[in-house]
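K.L.:
have a look; sequence and predicted model below, questions after that.
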Amino acid sequence: MPGAVSHDQRFLATGHLPLATDALMSHAVAQGAADCLPGGPAGLPLVAPAPVYGASGEQVGFPGTVSIGHEGLLGVLAELVRLRAPWAGRIVFVNGHGGYVTTLDTALGQRRGEGHDAAWTGCDVPGGDAHAGRTETSVMLHLAPDQVLLDAAVAGDTRPPAVLLPDLMARRVRAVSPSGVLGDPSGSTVTNSRSARPTTRARPRGGGSALGL
């Protein structure tokens, strides 16, 4: 059976990038990965539409934020795997949101326990900033330049993602960065996107990190 590649969408709480930033980026990674994979006996890998809502409670207070919570996301992931399993031999979720890591590990670990071949991978940019900074902005200038408002871009908290994450989970994004930006988008260009383009690496057990919050 063909494999199914899915990608996660969430609304972005900043002023200069489009609401579908994470969906556009993860879709590009998913499609790029599918295009590179050879077809099997049942055909080529398929790229599924992104789930519309996810768990983004840490973004509460920013316009455009919609979240179904981690329990809701667990249920969505479970049904997406179970409904696709009869015709998709292997299912890989391409994740563009750092806050989904624990939920994805839990949900797909449970599905593997049911006998499903399911895993996830992140959109990784080595050395990239966390959210709406130079990394994401440069990539979006490559993917959807007409949807990027560079004149509205401002710098936020520029600490590395690994340092930021505990603070974000404890205090939420607005308390850490009133603009919602975690990084510095200044200097973002299409040229930078060639070195900052997110890629995916295989993680058959479902673990991994993700670009963006």
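P.N.:
Received the coordinates, thanks. Numbers count the residues shown, from 1 in each chain.

K.L.:
pLDDT weak spots in this structure?
P.N.:
1-14, 42, 193-213 (pLDDT under 70).

K.L.:
centroid-wise, who is the farthest residue in it?
P.N.:
Most distant residue from the mean C-alpha position of the chain: P41, 29.9 Å away (C-alpha atoms, centre = their mean).

K.L.:
OK, contacts around P145?
P.N.:
By C-beta atoms under 8 Å, 6 or more residues apart in numbering, the contact list for P145 reads V190. Quick note: C-beta positions are derived from backbone N, CA and C, even for glycine.

K.L.:
kindly report the same for the one 4 residues further on.
P.N.:
Residues in contact with L149 (C-beta under 8 Å, 6+ apart) are G15, H16, L17.

K.L.:
dump those to TSV, plus neighbour count.
P.N.:
TSV is the format used below for the contacts of L149 (neighbours: other C-beta atoms under 10 Å):
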residue	neighbour count
G15	16
H16	23
L17	27
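
K.L.:
just the closest of those residues to G127, please.
P.N.:
Taking C-beta to C-beta as the measure, G127 sits nearest to L17 out of the contacts of L149, at 19.6 Å.

K.L.:
how near is that closest one to V148?
P.N.:
Between L17 and V148 the distance is 6 Å, computed by C-beta to C-beta, to the nearest Å.

K.L.:
same check on R82?
P.N.:
37 Å.

K.L.:
neighbour-wise, which of those two wins?
P.N.:
V148 (23 against 14; other C-beta atoms under 10 Å).

K.L.:
tell me where this protein has helices.
P.N.:
For the chain, the helices defined by DSSP state H cover 21-36, 69-84, 101-113, 134-143, 161-171, 173-176, 190-196.

K.L.:
out of those helices, the one nearest Q59 is which?
P.N.:
helix 173-176 (5.4 Å).

K.L.:
and the closest one, what does it pack onto?
P.N.:
Packing partners of helix 173-176 (3 or more C-beta pairs under 8 Å, 6 or more residues apart in numbering; DSSP states H and E): helix 161-171.

K.L.:
what's the angle between the helix it packs on and helix 101-113?
P.N.:
90 degrees (axes from the mean of the first three to the mean of the last three C-alpha atoms, to 10 degrees).

K.L.:
list the buried ones in helix 161-171?
P.N.:
P161, L164, L165, L168 (16 or more other C-beta atoms under 10 Å).

K.L.:
redo those residues as CSV? Include distance to S26.
P.N.:
Shown next, in CSV, are the buried residues of helix 161-171 (distance: C-beta to C-beta, whole Å):
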residue, distance to S26
P161, 17
L164, 20
L165, 19
L168, 20
